[in-house]
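Trainee: structure here, sequence nowhere to be found:
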Ligand SMILES: CC(C)(COP(=O)(O)OP(=O)(O)OC[C@H]1O[C@@H](n2cnc3c(N)ncnc32)[C@H](O)[C@@H]1OP(=O)(O)O)[C@@H](O)C(=O)NCCC(=O)NCCS
């Protein structure tokens, strides 16, 4: 699971994705303090405990909260955070399965990338991908050579070891 690099000084135009997201009735906005518990529940339900911890970290440094949420029919449909796993990192990102393919994933990552650019970063790192084709297509992300171990290497080792030690169900 390598890392990918995004040039923040040369981001593509997000307008086509934002238009698709809006046409699907999905609103993407910055996380607010009162989203914290609902986001944690959403990430635990649809993704994983590790992602829930990383998403929670977006609330750790005060304002602005370093992440965005997609809302559909009043409920969380997706999320993306930055400055969470490490400084300069984007992710995790996730959209509810039944709402994928409507532009929300792209809109969420564009909002994070723009925010990181506005913080002064020249590049963003997407850690331990995941759907490399999605990131390459949407924001021109490139695989970072030699990054397969990534900052998650220790986590992956511990997860493997935990799984191996688990009693049979
Ligand atoms: C990856 C993910 C966030 C994309 O969200 P989404 O809302 O479905 O994405 P969008 O609708 O904005 O897609 C934008 C474009 O990327 C393409 N795309 C989406 N997911 C893709 C994938 N896994 N591989 C290749 N292309 C993909 C779409 O087809 C679309 O292309 P188009 O402009 O030609 O129509 C979503 O599939 C997801 O939550 N996956 C599970 C969690 C995950 O893997 N997160 C990333 C961790 S690194």
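Mentor: Alright, I've got the coordinates. As the structure is a prediction and not an experimental result, all values here were calculated from the model.
Trainee: ok, and the closest non-adjacent residue to residue 116?
Mentor: Nearest non-adjacent residue to residue 116, counting by Cβ to Cβ, 6 or more residues apart in numbering: residue 124, 4.9 Å away. All C-beta atoms are positioned from the backbone trio N, CA, C, and that covers glycine.
Trainee: what about the helix or strand of the chain with the lowest mean pLDDT, near the ligand?
Mentor: Here the helix or strand of the chain ranked lowest by mean pLDDT, DSSP states H and E is helix 153-164, holding a mean of 87. No. Using Cβ under 6 Å from any ligand atom, helix 153-164 stays clear of the ligand, coming no nearer than 13.8 Å.
Trainee: quick one: low-confidence ranges for this structure?
Mentor: Low-confidence segments of the chain (pLDDT under 70): 168-169.
Trainee: can you give me the strands in it?
Mentor: 4-7, 26-30, 67-72, 75-82, 89-95, 123-126, 142-143 (DSSP state E).
Trainee: need the contact list for residue 138.
Mentor: Residue 138 is in contact with 12, 17, 105-106, 109-110, counting by Cβ atoms under 8 Å, 6 or more residues apart in numbering.
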